[in-house]
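Colleague: heads up, no residue letters with this:
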């Protein structure tokens, strides 16, 4: 077979090469407004950030959902790897938000008027995050039960239950990354629009700020305080 033969596409679909056909680049690159439809140059930036965010959230939530399915079968090793991937997905979603700070508040407002009633609250990825998080959290709780452990006991005896410890820490990091993502999103919107502005669906920007304090898996954060109490009590008992 000649080099020319190897460059010819063999996959079905549109596109001049198998790369384009497999990744569906024709469809992908047509999902953004063409230049003649944009009210502002930065609409391409705005759509790129949000569309790629949906892709990373799709991957991240899929991995968390699959990790939950593994834990429900009592298989923790693949779940650990999947959760590591999911955490990275949220890091990428958060980092790319910084591109929005490259727009001035005035430019942001120009794009805002063509969003209709569009709001981040309607993001499919945003809505799926709590659902998969609750599923994986419940699966983890059942594994703890089977091991006859409380969360505090797991942290006190982590070396005896390494897989469970790693899962607890990855779930904490997943929850933390959700918090960091929401904080950056809020900060960028507040920087562009101000905190007193009413959003596209009639919700004040300040409401986003209230979401920051929420935790998806609060018990993973509450146990930290409990561990400090237990450690201090044990230390006092040893000194007595």
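Modeller: Ah, there it is. All of these numbers come straight from a predicted model, not from anything done at the bench.

Colleague: residue 192: what's it in contact with?
Modeller: 100, 103, 105, 108-109 (C-beta atoms under 8 Å, 6 or more residues apart in numbering). The way it works is simple: take the backbone N, C-alpha and C, and place the C-beta from them, glycine included.

Colleague: now intersect these with the helices, please.
Modeller: Among the contacts of residue 192, the members falling in helices (DSSP state H) are 105, 108-109.

Colleague: helices or strands next to the host helix or strand of residue 219 in the packing?
Modeller: In this structure, residue 219 is located in helix 218-239 according to DSSP states H and E. Judged by 3 or more C-beta pairs under 8 Å, 6 or more residues apart in numbering; DSSP states H and E, helix 218-239 is in contact with helix 151-156, helix 162-193.

Colleague: which of the contacts of residue 192 sits closest to residue 35?
Modeller: residue 103 (17.3 Å; C-beta to C-beta).

Colleague: for residue 10, find the nearest of the helices and strands packed on helix 218-239.
Modeller: Nearest to residue 10, of all these, is helix 162-193, at 39.6 Å by C-beta to C-beta.

Colleague: next, the angle helix 218-239 makes with the closest one.
Modeller: 120 degrees (axes from the mean of the first three to the mean of the last three C-alpha atoms, to 10 degrees).

Colleague: buried residues in helix 162-193?
Modeller: By neighbour count on 16 or more other C-beta atoms under 10 Å, the buried set for helix 162-193 is 164, 166-168, 170-179, 181-186, 188-190, 192-193.

Colleague: what's the pLDDT at residue 188?
Modeller: At residue 188, the model reports a pLDDT of 89.

Colleague: contacting residues around it?
Modeller: Shown in contact with residue 188 (C-beta under 8 Å, 6+ apart): 97-98, 100-101.
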